[in-house]
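Chemist: Turn this into a structure:
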Amino acid sequence: MAVPLAFFGVFFAYPVTAIVGRGLKTDAGWQLGRIGEVLAEPGIAGVLWFTVWQALASTVLTLLVALPAAYVFARLDFPGKQVLRAVVTIPFVLPTVVVGTAFLALVGRGGLTEELWGVRLDTTVWAILLAHVFFNYAVVVRTVGGLWAQLDPRQEEAARVLGAGRLAAWRQVTLPALAPAVAAAAVMVFLFTFTSFGVVQILGGPAYATLEVEVYRQTAQLLDLSTAAVLTLVQFAAVAGILAVHAWTVRRRERALRLVDPALTAHRPRGAGQRLLLGGVLLTVALLIVLPLGVLVERSFDTPGGHGTGYYEALAQAGSGGGTFLVPPLEAVGNSLEYALAATGIALLVGGLAAAALTRRAGPFVRGFDALLMLPLGVSAVTVGFGFLITLDEPPLDLRTSWILVPLAQALVGVPFVVRTMLPVLRAVDERLREAAAVLGASPLRAWREVDLPLVRRALLVAAGFAFAVSLGEFGATVFIARADRPTLPVAVARLLGRAGDLNYGQAMALSTVLMLVCAAALLVLERLRPDKTSGEF
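Modeler: Take a look at the predicted model:
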């Protein structure tokens, strides 16, 4: 546990504590009264209210839209199922900047909805809600569907034999078993939408702001560190509560269920009802997921002179962003790949050690350690990025001019995915195998190399893939610390969207398409590497 604790202490707790202290502490001492003053401001109260209610609305909409798909993936067997599973997961590994860009191409200026019906939805809450459903669809499908596939259908069939109707049998038998998984998925969706940044920043316009967006505005634009510090504390408290609920639902799910092989529960669609449900899910996937991505790709080729590769060619030219970049925007592709590979290595080292520690130990301290590993998913990445700038600027940690600063920030987001992917597989390793190796004279390191590693090798590759994908798309912290001559893809997309002109807009679409293809390729590799249909907690 020493290395993960040291890593999170230096690169997470220290920057966050420093930025909060910089905002609330003066020569006269701590200004705790500032908390009440900030929360009493009408504008801040509006931000808090919008953050909570849009997260609740996004969560409810996501559950309503995705639960039928969870059933389809769990119980029905049909051609192309694995490809479709990868397609619905693509949005989750996409950077939120690309998600926002895809919906901007669909419902924004010159978008499909404006061309067909003269309606623009950007700068409205509906665009934000739809983008959140798009992004979190896979969370519900894979979390609930993965469990649903392992429930023994004979229990529901027995209820039917005893006289219960189809709906009553589902409500009294299946739903109670699924409830913890549905609750866990709902908590995860609420967490991701509560801390939404890129989607709201691009689609919400000046009228809408979540806590994360407001922290960025107060820090980067208004330089009001005291207000930003208060909002960071509020978000930290809310996220800690959400993670506590999530941990409770996960523990309840692990204790309460007896599972069967998923291969025994899926069958071909039977009857008109199941065929209709399958068709409805396919139509939903086409409209909600495939259409925005398709429009994004189409807009990247839609130049003023007709469809062509003009925007892609402009990416290779220095100065094509109207002074936005010191280098050709296309160099952001190579920068992002280099950063993501380095971040993946760091995340595997830290996350692998953390997962091993969680496997060998138990108790309140270890549960607290587990929660600490999840905090970077919910704490303001903007705060972390700005904290890096004001803390890692003196020896022996003077890293502000070092390229490693960006991978360190990205690794903070990748570590939770490594832990959540490897932990279930490590826990499944029979402890007696390790004990037998020790009895035969193997050192702990050799026992790990000879026993654990062969069993978790594929899970390790899956964890590496997830860490690579999320590192590639990290934006909240990177936007502060990426150098102007070495921008990452998400930062480059955001900068292009922030400048007027068709060329900048088209280049943003082209760069987003490149980033989407890289993430999709990584995801398809993950689908082939998955150790089995039940490994990992996502």
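Chemist: helix/strand/coil for the spatially most central residue of the chain?
Modeler: By CA atoms, centre = their mean, the chain has its centre lying nearest to F92, at 5.9 Å. With DSSP: H, G, I helix; E, B strand; the rest coil as the basis, F92 sits in helix.
Chemist: can you map out the strands along the stretch 301-450 of the chain?
Modeler: Applying DSSP state E, counting those that start in this stretch to the stretch 301-450 of the chain gives strands spanning 302-303, 306-307, 393-394, 397-398.
Chemist: What helices and strands are in contact with the strand or helix carrying L472?
Modeler: Using DSSP states H and E, the element containing L472 is helix 453-473. Under the contact definition 3 or more CB pairs under 8 Å, 6 or more residues apart in numbering; DSSP states H and E, helix 453-473 sits against helix 81-93, helix 96-107, helix 331-360, helix 405-428, helix 489-497, helix 502-529. No exception for glycine: its C-beta is placed from N, CA and C like everyone else's.
Chemist: one step back: for the strands of the stretch 301-450 of the chain, which one sits closest to A520?
Modeler: strand 302-303 (20.9 Å; CB to CB).
Chemist: circling back: for the strands of the stretch 301-450 of the chain, which one sits closest to L489?
Modeler: Using CB to CB, the nearest of the strands of the stretch 301-450 of the chain to L489 is strand 302-303, at 20.5 Å.
Chemist: Parallel or antiparallel, which strands does the closest one pair with?
Modeler: If you go by DSSP bridges, strand 302-303 pairs up with strand 306-307 (antiparallel).
Chemist: ok now the strand it pairs with, how far from the chain's centre?
Modeler: Its chain's average C-alpha position is 34 Å from that of strand 306-307, according to CA atoms, centre = their mean, to the nearest Å.
Chemist: what does stretch 86-96 give?
Modeler: Taking mean C-alpha positions (CA atoms, centre = their mean), stretch 86-96 and its chain are 9 Å apart.
Chemist: mind exporting it as CSV, just the C-alpha atoms?
Modeler: Only the C-alpha atoms of stretch 86-96 are listed here, as CSV (Å, rounded to 0.1, in the frame of the first residue of the first chain):
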residue,chain,number,x,y,z
ALA,A,86,-18.5,-2.6,-28.3
VAL,A,87,-20.5,0.1,-30.1
VAL,A,88,-22.6,1.0,-27.0
THR,A,89,-19.4,1.2,-24.9
ILE,A,90,-17.6,3.6,-27.3
PRO,A,91,-19.2,6.8,-25.8
PHE,A,92,-18.0,5.9,-22.3
VAL,A,93,-14.4,5.8,-23.3
LEU,A,94,-14.7,8.9,-25.4
PRO,A,95,-13.5,12.2,-23.9
THR,A,96,-16.3,14.4,-22.7
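Chemist: Please work out the average pLDDT along it.
Modeler: On average, the pLDDT along stretch 86-96 is 81.
Chemist: Residues touching it, excluding its own?
Modeler: Contact with stretch 86-96 is made by 69, 99, 102, 134-139, 141-142, 196-199, 285, 289-290, 293, 466, 469-470, 472-475, 489-490, 493, 515-516, 519-520, 522-524, 527, as judged by CB atoms under 8 Å, 6 or more residues apart in numbering.
Chemist: Filter those down to the buried ones.
Modeler: 69, 99, 102, 134-139, 141-142, 196-199, 285, 289, 293, 466, 469-470, 472-475, 489-490, 493, 515-516, 519-520, 522-524 (16 or more other CB atoms under 10 Å).
Chemist: Helices along the stretch 101-250 of the chain, start to end?
Modeler: 112-117, 125-148, 153-161, 166-169, 175-194, 198-203, 211-216, 225-256 (DSSP state H, counting those that start in this stretch).
Chemist: Low-confidence regions, the protein specifically.
Modeler: Residues of the chain that meet the criterion pLDDT under 70 lie in 27, 249-264, 318-326, 361-363, 378, 526-538.
Chemist: what's the longest helix in it?
Modeler: helix 42-75 (DSSP state H).
Chemist: how big is the angle separating it from helix 81-93?
Modeler: 170 degrees (axes from the mean of the first three to the mean of the last three CA atoms, to 10 degrees).
Chemist: which parts of helix 42-75 are buried?
Modeler: Per 16+ other CB under 10 Å, helix 42-75 contains these buried residues: 44, 47-48, 50-51, 54-55, 57-59, 61-63, 65-67, 69-75.
Chemist: same for that helix, what does it pack against?
Modeler: Looks like helix 42-75 contacts helix 33-40, helix 81-93, helix 125-148, helix 175-194, helix 211-216, helix 225-256, helix 271-285 (3+ CB pairs under 8 Å, 6+ apart).
Chemist: Which one of the ones you listed lies nearest to V479?
Modeler: helix 211-216 (8.0 Å).
Chemist: Residues in contact with the closest one: which ones?
Modeler: 44, 47-48, 51, 194-197, 200-201, 204, 228, 231-232, 234-235, 380-383, 476.
Chemist: and that helix, C-alpha only, in PDB?
Modeler: The C-alpha trace of helix 211-216 is given here as PDB (Å, rounded to 0.1, in the frame of the first residue of the first chain):
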ATOM      1  CA  LEU A 211     -19.900  22.900 -10.000                       C
ATOM      2  CA  GLU A 212     -17.000  21.700 -12.100                       C
ATOM      3  CA  VAL A 213     -17.600  24.300 -14.700                       C
ATOM      4  CA  GLU A 214     -18.000  27.100 -12.100                       C
ATOM      5  CA  VAL A 215     -14.800  26.000 -10.400                       C
ATOM      6  CA  TYR A 216     -13.000  26.400 -13.800                       C
END
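Chemist: All further residue positions should be reported with the first residue as 306.
Modeler: With the count now opening at 306, the last piece we talked about shows up as helix 516-521.
Chemist: Give me the distance between that helix and the centre of its chain.
Modeler: That offset, for helix 516-521, works out to 18 Å (CA atoms, centre = their mean).
Chemist: ditto for stretch 507-526
Modeler: For stretch 507-526, the distance to the chain centre is 19 Å (CA atoms, centre = their mean).
Chemist: again with stretch 575-593
Modeler: With CA atoms, centre = their mean, you get 27 Å for stretch 575-593.
Chemist: Buried ones in that stretch, by neighbour count?
Modeler: Residues of stretch 575-593 classed as buried by neighbour count (16+ other CB under 10 Å): 579, 582-583, 586-587, 589-590, 593.
Chemist: Contacts for that stretch next, please.
Modeler: Outside stretch 575-593, the residues that touch it by CB under 8 Å, 6+ apart are 370, 373-374, 376-377, 381, 383, 389, 392-393, 435, 438-439, 442, 574.
Chemist: what's the answer for stretch 595-604, then?
Modeler: 392, 395-396, 403, 406-408, 410-411, 415-417, 439, 811, 814, 817-818, 821.
Chemist: Pull out the buried residues from these.
Modeler: Buried, going by 16+ other CB under 10 Å: 392, 395-396, 403, 406-408, 410-411, 416-417, 439, 811, 814, 817-818, 821, out of the contacts of stretch 595-604.
Chemist: coming back round to it: which among the helices and strands packed on helix 758-778 is found nearest to W453?
Modeler: In terms of CB to CB, the element of the helices and strands packed on helix 758-778 nearest to W453 is helix 386-398, at 13.7 Å.
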